[in-house]
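Visitor: Model the structure of this input:
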Amino acid sequence: MKLSPDSFPTVVLRRAAGFSSERSRALWWHVHDLAHQTCGSDWGCSRKFYPGHQIMFMLTGRGHGTYGSSTWTAKMQDAVLMDLRTPHTYYSDPTDPWEMLWIRFDGPGLSEIFSRLIEAAGSPVIPFASLPRVNADFDAIFTLLSDHPPGYDTWAWHHLTGLMANVTEGLQRKDTVAGATLQETPGGIAAALALLRSEHTRTLSLAELAHAAHMSHFHFTRRFKQSTGFTPMEYLEKFRISRAQELILSNPGMSFKEIAQASGFSDPAYFSRIFSKRIGVSPREYRRNLGKV
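Guide: Numbering: from 1, shown residues only. Here you go, the predicted structure:
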């Protein structure tokens, strides 16, 4: 990064780096680094290869770039998605330089998700749905990286999926998506994810989730795995365990039976077995150690 000599200097307003254990990196999406910056009119980057996946959320101004063999232009309320292992360039518009929030992260299934979203949009540029939600998720991740509280990895994964849902929702709102119907794009998966998250405490069938996505059972199961890296039931279990971790950490007086039921597990003994299998310690040990597993 360099400071521009003209009237549009580059200013990094906030920047932070993430840190996670190797064990956590195998389970969750994890942050490499992120920043909020205003960019000089000659600010830019050119790489053939770089580790990670990056999303740039445009707040003001414009920018341009290349991704593989395609060129793109982004404006306010656009997100730019890049698998950084693909050759890429990006730079500020000379007369209207951009302000952006950007984040670089990795995790299970991300390469496939980025590929599918870019393919569906026909470009790495996708309008995102809600700036307030983007700001809220970025603020939460900055705080996590600063404070590193118990449950850090799970919370980071939670807010990263929030950012991805924001982009996917924006894609769904487009009138046309690279010649495909909206029901065939990841937008349908976003609808199923929204149902799964909001109704995770009750029994959810594949038929109900597929109906929410407007897909056949077979097509839904295949596309869900392509989009998230997990089967629907694996994702539901992971989300329930994530919810249980939140409740253990935020409600010290709550019984484990109550936590199991509030997380979607009707059998406390089964909840304890699954929690121990996924997290590595029992719910009781997790609470005793303040989540520092």
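Visitor: Average pLDDT for the top helix by length along the chain, rounded please.
Guide: The longest helix of the chain (DSSP state H) is helix 152-173. For helix 152-173, the mean per-residue pLDDT is 88.
Visitor: And stretch 209-225, by the same measure?
Guide: For stretch 209-225, the mean pLDDT works out to 87.
Visitor: what comes into contact with that stretch?
Guide: With contact meaning CB atoms under 8 Å, 6 or more residues apart in numbering, stretch 209-225 is reached by 183-184, 186, 188-189, 191-192, 194-196, 206-207, 230-232, 235. Every C-beta, even on glycine, is put in place using the N, C-alpha and C of the backbone.
Visitor: repeat that for 6 Å
Guide: Identification of contacts with stretch 209-225 by CB atoms under 6 Å, 6 or more residues apart in numbering yields Gln183, Gly188, Ile189, Ala191, Ala192, Leu195, Leu206, Thr231, Pro232.
Visitor: just stretch 254-272 next, same as before
Guide: For stretch 254-272, the external contacting residues (CB under 6 Å, 6+ apart) are His200, Thr201, Arg240, Arg243, Ala244, Leu247, Ser282, Pro283.
Visitor: Repeat the analysis, applying 8 Å as the threshold.
Guide: By CB under 8 Å, 6+ apart, stretch 254-272 touches 200-202, 236, 240-241, 243-244, 247-248, 251, 274, 282-284.
Visitor: Make sure I have this right: Asp139 is in a helix.
Guide: Yes - counting by DSSP: H, G, I helix; E, B strand; the rest coil, Asp139 falls inside a helix.
Visitor: Compute the number of surrounding residues for it.
Guide: 13 (other CB atoms under 10 Å).
Visitor: any idea how far stretch 59-68 is from the chain center?
Guide: How far stretch 59-68 lies from its chain's middle: 20 Å, per CA atoms, centre = their mean, to the nearest Å.
Visitor: Go through it and flag the buried ones.
Guide: If you call a residue buried by 16 or more other CB atoms under 10 Å, then stretch 59-68 has these buried ones: Leu59, Gly61, Arg62, Gly63, His64, Gly65, Thr66, Tyr67.
Visitor: With adjacent residues omitted, what lies nearest to the fifth one?
Guide: Setting aside the residues directly before and after it, His64 is nearest to Thr73 in space (CB to CB, 6 or more residues apart in numbering), at 5.1 Å.
Visitor: The first one too?
Guide: In this structure, Leu59 finds its nearest non-sequential neighbour in Glu99, 4.4 Å apart by CB to CB, 6+ apart.
Visitor: what sits against the one you found?
Guide: Contacts of Glu99 by CB under 8 Å, 6+ apart are Gln37, Thr38, Cys39, Met58, Leu59, Thr60, Gly61.
Visitor: if you set the cut-off to 6 Å instead, what comes out?
Guide: So Glu99 contacts Thr38, Leu59, Thr60, Gly61 (CB under 6 Å, 6+ apart).
Visitor: tell me which of those is nearest to Gly107?
Guide: Using CB to CB, Leu59 comes nearest to Gly107 of the contacts of Glu99, at 25.0 Å.
Visitor: Please report phi then psi for the closest one.
Guide: Note on Leu59: backbone dihedrals following degrees, to the nearest 10 are phi -100, psi -40.
Visitor: Mind checking which of the contacts of stretch 254-272 are in helices?
Guide: Mapping the contacts of stretch 254-272 onto helices (DSSP H) picks out Leu236, Arg240, Ile241, Arg243, Ala244, Leu247, Ile248, Ile274, Pro283, Arg284.
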